[in-house]
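Chemist: Return a 3D structure for these sequence lines:
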Amino acid sequence: MTTATRQPVTKPSKAQQAQQEFARLLASASERGFHGTAGITLSIQDGHIQHLKVNVERMVK
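Modeler: Residues are numbered from 1 along each chain as shown. Next comes the predicted model:
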């Protein structure tokens with residue numbers, strides 16, 4: 001009988017999360033027909049990213 005060892009599940013770092021969110025944001029905002037603004041706000045304390053805020057505003061024409 002063998003026992004399976006579990007690998008610890010690690011969350012991506014805040015920097016990796018910011019990069020992933022920016023890539024997602026850029027992909028969605030680069031679509032034809034998108035009019036508006038998009039941005040990411042990073043809350044940083046002592047050189048470390050604490051929070052990410054992703055904002056997308058679409059204009060309806």
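Chemist: Only C-alpha atoms from now on, for both contacts and neighbour counts.
Modeler: OK.
Chemist: Tell me the pLDDT of Pro8.
Modeler: Per-residue confidence (pLDDT) for Pro8: 78.
Chemist: Using the three-state scheme, assign it.
Modeler: What DSSP: H, G, I helix; E, B strand; the rest coil gives for Pro8 is coil.
Chemist: Could you report the neighbour count for it?
Modeler: 6 (other C-alpha atoms under 10 Å).
Chemist: Using CSV, list the CA coordinates for the strand or helix carrying Val54.
Modeler: Taking DSSP states H and E as the definition, Val54 sits inside strand 48-58. Output in CSV follows, covering the C-alpha atoms of strand 48-58 (Å, rounded to 0.1, in the frame of the first residue of the first chain):
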residue,chain,number,x,y,z
HIS,A,48,4.9,45.0,-0.5
ILE,A,49,1.6,44.8,-2.5
GLN,A,50,-1.3,44.5,0.0
HIS,A,51,-4.3,44.8,-2.3
LEU,A,52,-5.2,44.9,-6.0
LYS,A,53,-8.2,46.8,-7.4
VAL,A,54,-9.3,46.3,-10.9
ASN,A,55,-11.6,48.9,-12.5
VAL,A,56,-13.3,48.8,-15.9
GLU,A,57,-15.7,51.4,-17.1
ARG,A,58,-17.5,50.9,-20.4
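Chemist: buried ones in it?
Modeler: By 16 or more other C-alpha atoms under 10 Å, the buried positions in strand 48-58 come out as Leu52.
Chemist: how about Lys53, what does it touch?
Modeler: Applying C-alpha atoms under 8 Å, 6 or more residues apart in numbering, we find Lys53 in contact with 40-42.
Chemist: Quick check: buried residues in stretch 14-22?
Modeler: Neighbour counts using 16+ other C-alpha under 10 Å place 18, 21-22 of stretch 14-22 among the buried residues.
Chemist: Relative to Lys11, which of these is nearest.
Modeler: Distance ranking of the buried residues of stretch 14-22 against Lys11, using C-alpha to C-alpha, places Ala18 first at 12.8 Å.
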